[in-house]
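Q: would you be able to build a 3D model of this:
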Amino acid sequence: MNEIDFSQLEKLQKQMESVDYTKACASAMNVISQRALKYISNVTKPGHYKNGKTGGTLKRVGKQKEQL
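A: All right, here's what the predicted structure looks like:
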């Protein structure tokens, strides 16, 4: 029968146990939220709507944060 060498698999397991997934998740969430805010800001149209409401405050808020 053939023998299977699990040494590389065990080495990979030890490396994965030492990784801090909290930082990776936080970084990924920041990137996703930045992309979502950029998309939503571009889609949100400022101005007056048919129902009488005025819009566009989301774009204004995003621009104010960029200036800070």
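Q: where does this structure dip in pLDDT?
A: Applying pLDDT under 70 to the chain flags residues 1, 44-49, 54-68.
Q: the strands in it, which residues?
A: For the chain, the strands defined by DSSP state E occupy 47-48, 54-55.
Q: tell me how many other residues crowd Lys53.
A: When neighbours are counted by other Cβ atoms under 10 Å, Lys53 registers 7. Placement of C-beta: from N, CA and C, glycine included.
Q: residue contacts, it?
A: Not one residue lies near Lys53 by Cβ atoms under 8 Å, 6 or more residues apart in numbering.
Q: distance of it relative to Ile40?
A: Relative to Ile40, Lys53 is positioned 17 Å away (Cβ to Cβ, to the nearest Å).
Q: what's the answer for Asp5, then?
A: Applying Cβ to Cβ, the value for Asp5 to Ile40 is 51 Å.
Q: and for Asn51?
A: Asn51 is 20 Å from Ile40, by Cβ to Cβ.
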